[in-house]
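In: only the shape, not the letters, is given here:
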C-alpha cells in the first residue's frame, strides 16, 4: 500500500491527463480502443471517454495503461507543445492497413516532436546538403542519372563505392532511425517535416546490403518527390525511387564497366565492392539493358533455387550500418556537462529501452558512465548553443 500511496501523493487523482497523449500512445503501439480496453480491463467506452477528455482515468487504471503501452506514468501529463503536421509519407505498398499506417505516422511524428525537437534545443543538426529538384510527374532514367550524379558530386563521392551510406546521409542532413516497425510490409519509410528529411528503417528486417538499398530508395523519395501529394501515383514513384537507389549505389558507367558476365557467381565480388545485393545487381542489369528478359528470368529462378532471396553470399561479412547521430549528440551534451543522462530521460519521457532503440544509443547508455570517446559524426555537428 505504501507504494500506491506515494503514487497518489505524486499524482493527485484530480489532476487531469492530456487526452491526446493517451490516444497518441495507443496509436503508437498499433492498438485499437478495444485492444487497449481488453488489456487494462475497462470498457471501450471508458477508453473513448479518456481520449476525448470527458473522463479522467483513476491512478490504478492509468498505471495499467502505462505498463501496457510502455510509456512512463508522467508521459500522460506532459503538455504537447509541438504542432501536428501532415507531411507526405512515402510507403512502398498501398496494401498497408489503415491502423498500421496510423501507427507508422505516429512513430515518425513522435520521433520528430519528442526527440528531434528536444535535441534542437541544444544543437544545430548537420546542414541539409541536397539538391532542389523541380516537380516532375514522370522522371526519365536519364533525369535520375543526372540528379544522382549531381548529388554524388556534391557529396564528394563522384563515382566511388560508398563505404557507409547511413553516415554519409546523416552528415548531409538526413535524420535516420532504425526501430522495430512492427510491420512485415514495411522495410522503411520517409517524409519531410518542416524542411527536415526523416527516414525510419525497420530494424528487424534484411541484410546490410538490402538495408542500404532501402536507405537509398528513401533518399530517392526525399529528393525526387518532396513536392508530390500522398495520392499521386505510387507505382510510378516506387519505380523512380528504385532506379534512383540502384543508380546511387552502383552508377551506370561503373556497372557497364564492371559487369563482365551475367552469372550469379560473377556478381559476388561486385557485391563486396559496392555493398549492393545480388538481387539489386540483377535489377541493374535489366534496367541498363545488359541482359535480355529471358536471362533476367533465368537469374531470378537461380536466386530462388539457391535460397539467395533469403540469404545471399557475403551477408555475414558486410557489416550493418547504424545511425550514430543522436548518440553522438547525447554523448557530446553529457561530456560537456550541458545535460545529464537522467535529465535526457526525464524530459523526453520515453521508456529507456525504447529511447535506446529509437535514438540508436548504446545499450548501456543509461547504466554506465559516459565513454569519453567522441564518435566520428560529432565533427559534423554545428556548434552547441549557449555554452559560453
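Out: Done, it's in. Here the structure is a predicted model, which means the values were calculated and not measured. Residues are numbered from 1 along each chain as shown.

In: burial of residue 302, as a residue count?
Out: Counted with other Cβ atoms under 10 Å, the burial measure for residue 302 works out to 14 neighbours. The way it works is simple: take the backbone N, C-alpha and C, and place the C-beta from them, glycine included.

In: list the contacts of it.
Out: residue 264 (Cβ atoms under 8 Å, 6 or more residues apart in numbering).

In: quick one: buried residues of the helix or strand that contains it?
Out: Following DSSP states H and E, one finds residue 302 within helix 293-306. Of the residues in helix 293-306, 296, 299, 303 count as buried by neighbour count, 16 or more other Cβ atoms under 10 Å.

In: quick check: of these, which lies closest to residue 79?
Out: Closest to residue 79 out of the buried residues of helix 293-306 is residue 303 (52.7 Å), distances taken as Cβ to Cβ.

In: give me the nearest residue to the closest one, chain neighbours excluded.
Out: In space, not counting the residues next to it along the chain, residue 303 is nearest to residue 309; the distance is 5.5 Å by Cβ to Cβ, 6 or more residues apart in numbering.

In: any idea of the mean pLDDT in stretch 359-367?
Out: Stretch 359-367 shows a mean pLDDT of 89 in the predicted model.

In: ends of it, how far apart?
Out: 16 Å (Cα to Cα, to the nearest Å).

In: now the strands for this protein?
Out: Assigned strands in the chain, in chain order: 89-90, 175-179, 188-193, 196-202 (criterion: DSSP state E).

In: the last one pairs with which strands?
Out: Using DSSP bridges, the strands paired with strand 196-202 are strand 175-179 (parallel), strand 188-193 (antiparallel).

In: now those strands as a markdown table including mean pLDDT and mean neighbour count?
Out: As requested, the strands paired with strand 196-202 are exported to a markdown table (pLDDT from 0 to 100; neighbours: other Cβ atoms under 10 Å):
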| stretch | mean pLDDT | mean neighbour count |
| --- | --- | --- |
| strand 175-179 | 92 | 22 |
| strand 188-193 | 88 | 24 |
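
In: do you know how far the residue nearest to residue 303 is from residue 263?
Out: If you measure residue 309 against residue 263 using Cβ to Cβ, to the nearest Å, the figure is 17 Å.

In: also residue 118?
Out: Here the distance between residue 118 and residue 263 works out to 51 Å (Cβ to Cβ).

In: do the same with residue 141
Out: In this structure, residue 141 and residue 263 are 25 Å apart, going by Cβ to Cβ.

In: neighbour count winner among the two?
Out: Regarding residue 141 and residue 263, a neighbour count based on other Cβ under 10 Å identifies residue 141 as having more, with 15 against 11.

In: quick one, what contacts residue 77?
Out: With contact set as Cβ under 8 Å, 6+ apart, residue 77 has these partners: 11, 15, 17-18, 21.

In: quick one: which of those residues has the most company?
Out: Compared across these, residue 17 has the highest neighbour count, 21 neighbours, by other Cβ under 10 Å.

In: contacts only, for that residue.
Out: Contacts here follow Cβ under 8 Å, 6+ apart; on that basis residue 17 touches 50, 56-57, 62, 76-77.

In: if you set the cut-off to 7 Å instead, what comes out?
Out: Listed by Cβ atoms under 7 Å, 6 or more residues apart in numbering, the contact partners of residue 17 are 56-57, 62, 76-77.

In: which one of the residues you listed has the most neighbours?
Out: When these are compared by neighbour count (other Cβ under 10 Å), residue 76 ends up highest, at 24 neighbours.

In: quick check, that one in contact with residue 18.
Out: Yes. Using Cβ atoms under 7 Å, residue 76 and residue 18 qualify as a contacting pair, with a distance of 6.4 Å.

In: state the distance from the spatially closest residue to residue 290 that is not a sequence neighbour to residue 49.
Out: Spatial nearest neighbour of residue 290, chain neighbours left out: residue 259 (5.9 Å); criterion: Cβ to Cβ, 6+ apart. Taking Cβ to Cβ as the measure, residue 259 falls 63 Å from residue 49.

In: how about stretch 60-70: buried residues?
Out: For stretch 60-70, burial by neighbour count (16+ other Cβ under 10 Å) applies to 61-66, 68-69.

In: as TSV, the residues you listed with pLDDT would be great.
Out: Below are the buried residues of stretch 60-70 laid out as TSV (pLDDT from 0 to 100):
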residue	pLDDT
61	95
62	95
63	94
64	95
65	96
66	95
68	96
69	95
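
In: how about those, which pair is most distant?
Out: Among these, the pair separated by the greatest distance (Cβ to Cβ) is 61 and 69, which sit 12.1 Å apart.

In: related to what we said a few turns ago, and which of the contacts of residue 17 is nearest to residue 355?
Out: Taking Cβ to Cβ as the measure, residue 76 is the one of the contacts of residue 17 closest to residue 355, at 16.8 Å.

In: quick check: pLDDT value at that closest one.
Out: As summarised for this prediction, residue 76 has a pLDDT of 94.

In: OK, contacts around it?
Out: Listed by Cβ under 7 Å, 6+ apart, the contact partners of residue 76 are 17-18, 21-22, 62.

In: try 10 Å this time
Out: Applying Cβ atoms under 10 Å, 6 or more residues apart in numbering, one finds that residue 76 lies in contact with 11, 16-22, 24-25, 50, 57, 62, 65-66, 69, 349.
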